[in-house]
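J.: pasting a predicted model and its sequence here:
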Amino acid sequence: MPRDAATAITALEARSLFADLRAAKALVLAVSGGPDSTALMLLMARWRKALRKGPDLVAVTVDHGLRAESGREARDVAKLAKKLGIAHRTLRWTGAKPKTGIQAAAREARYRLLTQAARKAGASHVLTAHTQDDQAETVLIRMSRGSGVAGLTGMAISTRLHAPGKPVLEEPGLLLSRPLLDVPKARLIATLEAAGVGFANDASNADPRFTRVRFRDLMPQLAAEGLDARRLSAMARRLRRANEAIEAATDHAMEDIMLTGTRETAHFDAARFLALPAELALRALGRAILVLGNDFRVELGKLEDMLSGLTQAGRSGLRWRRTLAGALVTLERDKVTVESAPPRRSGHGGGRRNALTKGRPKGPPRRAAAAKSR
């Protein structure tokens, strides 16, 4: 959306954007000081002030200590939060910083600190200011990496929040919310300009060394061809709708093919499993591997290769056995068995295995996390 065509977010629009959050006890807002998160804080403050009763708001700024300006930006956010009547905390990422993969490491640190802040505040949600533009960039990045249907749904407006690298079960009840996901960034900047509120500009957001920045730079050319952020976001919504239908079909398929399931082993009827449409078979197999293996993600390409080998063996009447993500999959006679793979060495993967099985119901759940790059 051109800047000159953008309009500020109205109070009525804000009421609709935040309607599902009204009953929360407390909300943590992730506010870096950039335009998107500053607009989120401004809009949330106005929304809360208009309510007779509503959640406590806590703005949290994570200072990664990677730029000289970060300390000043955190102080500026604190000043604005005080002016808006919102509590504020600055949390710092301490310790050694990696020389490579810095953005991924910073993101992991940010969500870990935000999770801790939410626990302390008794918050049910952590809110981030991801916009329609961010969604479009995410979809493009996932397309470039060969994502499947689930991956191309992009970011969800609301999802479970957990410490990076740990299972969702670690943080029961804590949600990550992106209420501005369908809002163009230009409208957030227009909102700040209308209110006379300044914001910081992070120079790393224009650094071409980072993948997201390179895709961001492509957006004007894609928009000229009709592939703008609005259409990419619409595509993600439509694929999300289709993905939900596929997930429901997978639920029914799991009930049909499952012979027995325990905490350690799942047995599928081989004939029924091999007769499933490929996408349903892929998801059913991926769910079982996620639950019974020792990894929390299954790479889509490797899962596809495993299903291909299993299918060929089934058609040929051969016994077949392979491991993936800490799970052992065996095809023998009329049964497909998925179980925990024997450890390669003493103690291998034990901690992660225990974390995954903690509190897990008997048998593979009807829903499990999506496979990586899906």
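T.: Right, received. Where do you want to start?
J.: how about the helices in the chain?
T.: Listed in chain order, the helices of the chain (DSSP state H) span 11-17, 35-49, 70-84, 102-121, 132-144, 185-195, 211-224, 229-257, 270-274, 278-292, 300-316, 350-357.
J.: can you lay out these as JSON lines showing distance to residue 328?
T.: In this view, the C-beta of every residue, glycine as well, is placed from N, C-alpha and C. JSON lines is the format used below for the helices of the chain (distance: least, CB to CB, whole Å):
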{"stretch": "helix 11-17", "distance to residue 328": "47"}
{"stretch": "helix 35-49", "distance to residue 328": "45"}
{"stretch": "helix 70-84", "distance to residue 328": "47"}
{"stretch": "helix 102-121", "distance to residue 328": "30"}
{"stretch": "helix 132-144", "distance to residue 328": "30"}
{"stretch": "helix 185-195", "distance to residue 328": "47"}
{"stretch": "helix 211-224", "distance to residue 328": "35"}
{"stretch": "helix 229-257", "distance to residue 328": "18"}
{"stretch": "helix 270-274", "distance to residue 328": "16"}
{"stretch": "helix 278-292", "distance to residue 328": "9"}
{"stretch": "helix 300-316", "distance to residue 328": "11"}
{"stretch": "helix 350-357", "distance to residue 328": "13"}
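J.: tell me which of those approaches residue 151 most closely.
T.: Nearest to residue 151, of all these, is helix 132-144, at 4.6 Å by CB to CB.
J.: low-confidence bits of the stretch 51-200 of the chain, can you list those?
T.: Across the stretch 51-200 of the chain, the ranges flagged by pLDDT under 70 are 162-172.
J.: let's go with 90 and repeat that
T.: The stretch 51-200 of the chain contains residues with pLDDT under 90 at 64-70, 94-107, 160-173.
J.: domain assignment for this protein?
T.: Here the domain parsing of the chain from automatic domain parsing is 3-130+178-227, 248-357.
J.: could you export the ones you listed to CSV, including columns for distance to residue 241?
T.: Shown next, in CSV, are these (distance: least, CB to CB, whole Å):
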stretch, distance to residue 241
domain 3-130+178-227, 14
domain 248-357, 11
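J.: residue 156: which of those is closest?
T.: Going by CB to CB, the one of the domains of the chain nearest residue 156 is domain 3-130+178-227, 7.5 Å.
J.: what about residue 330, neighbour count?
T.: By the criterion of other CB atoms under 10 Å, residue 330 has 16 neighbours.
J.: same deal with residue 336?
T.: By other CB under 10 Å, neighbour count at residue 336 equals 26.
J.: pLDDT value on it, please?
T.: Here the pLDDT value assigned to residue 336 is 98.
J.: name the nearest residue to it, ignoring sequence neighbours.
T.: What sits nearest to residue 336 in space, not counting adjacent residues and going by CB to CB, 6 or more residues apart in numbering, is residue 268, at 4.1 Å.
J.: repeat for residue 307
T.: Closest residue to residue 307 apart from its sequence neighbours, by CB to CB, 6+ apart: residue 282 at 5.4 Å.
J.: and for residue 48?
T.: residue 54 (5.3 Å).
J.: just give the number of residues close to that neighbour.
T.: 18.
J.: what does residue 342 give?
T.: 9.
J.: ok, now which ones touch the residue lying closest to it once chain neighbours are set aside?
T.: Using CB to CB, 6+ apart and skipping residues adjacent in sequence, the residue nearest residue 342 is residue 328, 7.4 Å away. By CB atoms under 8 Å, 6 or more residues apart in numbering, the contact list for residue 328 reads 321-322, 337-342.
J.: give me the buried entries from those residues.
T.: For these, a burial check counting by 16 or more other CB atoms under 10 Å picks out 322, 337-341.
J.: reformat those residues as TSV; add distance to residue 206.
T.: Listed next are these as TSV, based on distance: CB to CB, whole Å:
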residue	distance to residue 206
322	45
337	52
338	47
339	50
340	47
341	45
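J.: for the residues you listed, which one is nearest residue 87?
T.: Closest to residue 87, out of all of the buried ones among the contacts of residue 328 and judged by CB to CB, is residue 340, at 45.4 Å.
J.: got the confidence number for the closest residue to the closest one other than its chain neighbours?
T.: The shortest distance from residue 340 to any residue other than its chain neighbours is 5.4 Å, reached at residue 292 (CB to CB, 6+ apart). Listed pLDDT for residue 292 reads 95.
J.: so residue 292 makes contact with residue 261?
T.: No: look at residue 292 against residue 261 with CB atoms under 8 Å: they stay out of range, at 9.3 Å.
J.: neighbour count winner among the two?
T.: residue 292 (28 against 20).
J.: what residues are up against that one?
T.: With CB under 8 Å, 6+ apart, residue 292 has these contacts: 264-266, 327, 338-340, 364.
J.: can I get these in CSV including distance to residue 232?
T.: Below are those laid out as CSV (distance: CB to CB, whole Å):
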residue, distance to residue 232
264, 43
265, 42
266, 37
327, 35
338, 36
339, 41
340, 40
364, 34
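J.: so which of those residues is the closest to residue 214?
T.: Using CB to CB, those come closest to residue 214 at residue 327, 35.8 Å.
J.: now that closest one: how far from residue 285?
T.: 9 Å (CB to CB, to the nearest Å).
J.: mutual contacts of the two, please.
T.: Joint contacts of residue 327 and residue 285 (CB under 8 Å, 6+ apart) are residue 338.
J.: low pLDDT regions in the stretch 251-374 of the chain?
T.: 260-264, 294-297, 333, 342-374.
J.: cutoff 70 now
T.: 344-374.
J.: on that earlier part again, the residue nearest to residue 336: what's it in contact with?
T.: 257-259, 284, 288, 335-338.
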